[in-house]
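1. With the input below, show me the fold.
(one chain, ligands or ions: 1)
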Amino acid sequence: MKPVVKWAGGKSKLLGELLARVPDPVGTYIEPFAGGAALFFALAGDCELPEVAQLPAVSGAKKRPSRAKKRIASNSPFAHSLLCDRNEDLITFYTVLRDDPEGLIRALSRFKHDEELYYKVRAQEPERLKPVARAARFSFLNRTCFNGLWRVNKKGLFNVPFGRYKNPKICDADALRRASLALAQTELTVGDFQTATHKARPGDFVYLDPPYVPLSKSAAFTAYASGGFTRVDQDRLRDELVRLRARGVYAMLSNADTPETRELYGDFCAFEVRAPRAINARGSGRGDANELLVVTWGEPGVHRYGVEGGPPSSVRVREEAPAAPIQTLNVAEPAKKRSRR
Ligand SMILES: C[S@@+](CC[C@H](N)C(=O)[O-])C[C@H]1O[C@@H](n2cnc3c(N)ncnc32)[C@H](O)[C@@H]1O
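-> Coordinates of the predicted model:
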């Protein structure tokens, strides 16, 4: 399944590389820098819409049909998940999408692609809106703004101009319903990444996709939320990865392949991967960029994917895509069933 928001730094183009390294099964899947959550949605698989999911949400909007719950769990390498992001609008959107998809679809269908309306909606103060209206505002702006970019100023106010799309799909009702099913057993948290990583237990899988270490001073894009992501944050993140490894948590982290990143993660196992880049307003600066995937297992050092330093032994891993047959690597020990919560 594809993400339902457009997101700078979204991982759709690197999915093959990422999926190849996700252990299966895992306890809880945790994504502390969720953004568009491309890996989460890919792992959730292509959820068929059971008829019942198309009915209006039950009042109180919390209860979901247990049939749907079972279906999602059997499609995924995990039973439970946790998505966290510092962006409150984004997490409000996912929460409303999970709990009241039909309310969100109704609210979104009232919008149309119109520049004047865009700036009117942009000027609204999200904190003053009810959750459904706030989620619909977020999704409308995300679908119609320039380059699908979510950028805020120092005061935390969204400041991206109107986009140049001809006929953007403002409300893809079935995609939203499917995403709602995928989120049915997901805990959603607004906050710093450590609020999520602190909850990880042995056998859980954490995918960390932070704002990257800048390739140069001007190349950094870290304005997803006010405050940016500084070198102090990068150090804090590395220290957290050290703690996750010590606790027996499977964690994988993406970052730009820079001398700074190589130094930060020097005593971890890492893989070089090539990622197509597309976030640059003038179009210059597009092109492939090298990234590093750092993992909490394997031999320290930077590897090309394939031989040593692969996924943890005795754990079945996904090959290319979620639908692909499951392959067993490093079968020296028999695959153990990992406990789920
Ligand atoms: C590179 S994006 C993640 C992209 C995502 N993997 C995807 O597939 O779209 C980084 C995300 O981290 C969030 N973020 C920035 N600083 C954060 C922090 N200290 N704690 C948690 N999230 C943070 C941003 O709001 C942004 O959504």
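
2. List the buried residues in the helix or strand where Ala275 lies.
-> In this structure, Ala275 is located in strand 269-277 according to DSSP states H and E. The neighbour-count check on strand 269-277 (16 or more other Cβ atoms under 10 Å) flags 269-271, 273, 275 as buried. Using the backbone N, CA and C atoms, a C-beta is placed for each residue, glycine as well.

3. which regions of the stretch 51-200 of the chain sit below the pLDDT cut-off?
-> For the stretch 51-200 of the chain, the stretches flagged by pLDDT under 70 are 51-75.

4. Please list the residues of the chain that sit near the ligand.
-> Taking Cβ under 6 Å from any ligand atom as the test, the list of the chain residues beside the ligand reads 7, 9-11, 32-33, 35-38, 85-87, 192-193, 209-211, 224-225, 229, 233.

5. Helices - which of the residues you listed land there?
-> In helices, defined here by DSSP state H, the members of these are 38, 193, 233.

6. Distance to Arg243 for those - can I get that in CSV?
-> As requested, those are arranged in CSV below (distance: Cβ to Cβ, whole Å):
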residue, distance to Arg243
Ala38, 26
Phe193, 12
Asp233, 15
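
7. Closest one to Tyr165 out of the residues you listed, please.
-> Ranking these by separation from Tyr165, with Cβ to Cβ as the measure, puts Ala38 on top at 20.3 Å.

8. Give me the neighbour count for the closest one.
-> Ala38 is surrounded by 25 other residues when neighbours are defined as other Cβ atoms under 10 Å.

9. so Arg21 makes contact with Val294?
-> No. Taking Cβ atoms under 8 Å as the definition, Arg21 is not a contact partner of Val294, at 10.7 Å.

10. before we move on, the earlier item: any chance of TSV for the buried residues of strand 269-277, columns pLDDT and distance to Asp257?
-> Formatted as TSV, the entries for the buried residues of strand 269-277 read as follows, by pLDDT from 0 to 100; distance: Cβ to Cβ, whole Å:
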residue	pLDDT	distance to Asp257
Cys269	94	14
Ala270	94	9
Phe271	92	10
Val273	89	8
Ala275	72	9
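
11. quick one: which of those is nearest to the ligand?
-> Ala275 (11.3 Å; Cβ to the nearest ligand atom).

12. what about the strands in the stretch 1-150 of the chain?
-> Using DSSP state E, counting those that start in this stretch, the strands of the stretch 1-150 of the chain run over residues 23-24, 28-31, 80-85.

13. measure the most centrally placed residue in the chain to Leu97 for me?
-> Residue closest to the mean C-alpha point of the chain, counted by Cα atoms, centre = their mean, is Ala37 at 1.9 Å. If you measure Ala37 against Leu97 using Cβ to Cβ, to the nearest Å, the figure is 11 Å.

14. Cys164: neighbouring residues, count only.
-> That one is not Cys; residue 164 is Arg. By the criterion of other Cβ under 10 Å, Arg164 has 9 neighbours.

15. May I ask you to confirm that it is in contact with Thr144?
-> No. In this structure Arg164 lies outside contact range of Thr144 using Cβ under 8 Å: 9.9 Å.
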